[in-house]
Every structure is written in structure tokens, then in C-alpha cells.
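In: Generate coordinates for the sequence data below:
(one chain, ligands or ions: 2)
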Amino acid sequence: MKKIYSRPKSLKKTAFHYCPGCGHSIIHRIMTELIDEMDLQDKIIGIPPPGCSVFAYNYFDIDMAESAHGRGAAVATGMKRAYPEGIIFTYQGDGDLAAIGTAETVHAANRGENITVIFVNNAVYGMTGGQMAPTTLVGQKTTTTPYGRDERMEGNALRISEMLALVKGVAYIERVAVNSPTNIRKAKKAIRKAFQAQIDGLGFSMVEVLSPCPTNWRMDEPEAWQWVSDVMAKEFPLGVLKDVTGESHAS
Ligand SMILES: Cc1ncc(C[n+]2csc(CCOP(=O)(O)OP(=O)(O)O)c2C)c(N)n1
Ligand code: SF4
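Out: Ligands and ions are numbered 1, 2, ... in the order given. Presented below is the predicted three-dimensional model:
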């Protein structure tokens, strides 16, 4: 019989603490597959955040260094400069990256730091109980916007990828989702491309992943997966926002 599934070498034999249907576990799975396929286990270092993925170091069998809230891009900058042959990635939620960590992220991108950012957008603060995040959609109910996000009071959903695509030091940005087998395959391809941009020394690369949070969205798993396509991806369209990797290869 043909074996169609095996645990990636760089994924530890530890049960995930994530809720059923959570996107974090899918993203961990595809990232560890890539780490194996690209033979990076001995030279990749991950920087997880405060947030639901705070224990990512329990799952990735690679070196990891926890950052303070929002400081991933700053920690990654120091690490990459001290250890340029390493492949350095941050793994950050939308509360972490798009609220408290906006400045670090924008300036690291602007400096063209040769690091990779995995930006997990689930439109809420997951770990702390489902409060509004900068990426919460207008009208979306959260524990701090019980009547729905009000544009006049709380502003609009912040499109970080579109913003960063305008920044010169950025080599590659793509927005993907992990809510269907097809989208999961595309997400894996995008993360491969982001790691490759760093290996090729092209500058800042980021993959934004639209990721279901059934618990705080108060949905079951199929509803949450559907909501990503029907609602979230309308505000945050999937696709490549910036890609200079081809240009650089050609030159
Ligand atoms: C300096 C500081 N402020 C606030 C917190 C509390 N805190 C922990 S995680 C978090 C937000 C997590 O949301 P997100 O980054 O979207 O990740 P998710 O849990 O949804 O994966 C907050 C506000 C903290 N740990 N440190
Ligand atoms: S609260 Fe949301 S983001 Fe956190 S583990 Fe559960 S489903 Fe995932």
C-alpha cells in the first residue's frame, strides 16, 4: 500500500493545544513539511509571539526564540544580522503584528531586512478572548465590539499586506488562506517562495495567511472555513501583492 501521510521530521510528536478547526495547526503542518523539503531544519530559526501560537516551540523541531509582543521583526533583524547564514522567520498573529508590532514590522520591511514573516490573520485577538484586532472587519462582532465593529468609532480593517507592498525593501508579499485543500496547497507554495526569497538574499518577504478561529468567531469548523472565503477574503483578497523575485532572478 502506498503511504500518503507521514509526520514531517521537523514536527514534534506533541499533540497541538489548538482548538479544532484552528488554522494555526494547518500552518504549522505545511511549514514543517517545507522545512523538511527545503532541508532547512538545522539552519532555520523561528520567532513565535504571545498569542495562541505562543507554544509553537513545542511543535516545531527547530531552534526557536520567543519574542515580546509585537517585537518579532526587531528580534529577527538582530538574529539575521548576527547569523546571516541562518533562515529566520517570525510567526505572528494580527494582534501581534498589526497592532502592538506595527512599527517594528513597517521599519524592518523598509530596511529590507532579509527575513520572512508569517502573518496569521484571524481577524481577532484569539488567545486573550476574541477582542477586536486591527484586522477585524467592519460589522464583525467581537467581545469588545458586541454590536459589530463601527467604522466611525473603530476605523476600518487594516490591510497590512497592501500597505507593506508599497515599501521599497519588500521583495515578496502574498495573501493566502488555509480553508480548503486547494488554498492550503497555494499557502504552502507561497511560504516556499518567501523562504526562497530569503535564501536568495532578496529582502523582506511576508505571507499573510487568512486563518479560521472557530472558537472566537462562534462558528463550527465548516462555517468558519466558509466565512473565510465568503466574507474575509472579500475584504482581504487573496493573491500576490508584491513580487520582485522574478525580476531579481532575471537581472
Ligand atoms: C505587552 C503585552 N501586551 C498585551 C499582551 C496580551 N496579549 C497576549 S496575546 C495578545 C493578542 C493575541 O492576538 P493575535 O496576535 O491576533 O494572535 P492569536 O491569539 O489570534 O493567534 C495580547 C493582547 C501581552 N502578552 N504583552
Ligand atoms: S482561540 Fe482561535 S486562534 Fe486560538 S487556538 Fe482557538 S481557534 Fe485557534
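
In: Just the closest residue of the stretch 151-251 of the chain to ligand 2, please.
Out: Proximity of the stretch 151-251 of the chain to ligand 2 (Cβ to the nearest ligand atom) peaks at Cys213, 3.3 Å away. Backbone N, C-alpha and C define where each C-beta goes, glycine included.

In: Can you report how many residues neighbour that residue?
Out: 27 (other Cβ atoms under 10 Å).

In: cool, and the one 3 residues further on?
Out: The criterion is other Cβ under 10 Å. On that basis, Asn216 has 24 neighbouring residues.

In: which residues touch it?
Out: 122, 124, 126, 129-130, 142-143 (Cβ atoms under 8 Å, 6 or more residues apart in numbering).

In: Output the helix or strand harbouring Asp36 as PDB - backbone C-alpha positions only.
Out: According to DSSP states H and E, Asp36 maps onto helix 23-37. Taking Å, rounded to 0.1, in the frame of the first residue of the first chain, the C-alpha atoms of helix 23-37 are listed here in PDB:
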ATOM      1  CA  GLY A  23      -5.700  27.500  11.200                       C
ATOM      2  CA  HIS A  24      -2.500  27.500  13.300                       C
ATOM      3  CA  SER A  25      -2.200  23.800  13.300                       C
ATOM      4  CA  ILE A  26      -2.600  23.600   9.500                       C
ATOM      5  CA  ILE A  27       0.000  26.400   9.000                       C
ATOM      6  CA  HIS A  28       2.500  24.500  11.300                       C
ATOM      7  CA  ARG A  29       1.900  21.400   9.300                       C
ATOM      8  CA  ILE A  30       2.700  22.900   5.900                       C
ATOM      9  CA  MET A  31       5.600  24.900   7.300                       C
ATOM     10  CA  THR A  32       7.300  21.800   8.800                       C
ATOM     11  CA  GLU A  33       6.700  19.900   5.500                       C
ATOM     12  CA  LEU A  34       8.600  22.800   3.800                       C
ATOM     13  CA  ILE A  35      11.400  22.800   6.300                       C
ATOM     14  CA  ASP A  36      11.900  19.100   5.600                       C
ATOM     15  CA  GLU A  37      11.600  19.500   1.800                       C
END
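
In: any idea of the pLDDT on Met1?
Out: Met1 is assigned 85 on the pLDDT scale.

In: Now do it against Met219, distance only.
Out: 36 Å (Cβ to Cβ, to the nearest Å).

In: Of those two, which one has the most company?
Out: Met219 (16 against 3).
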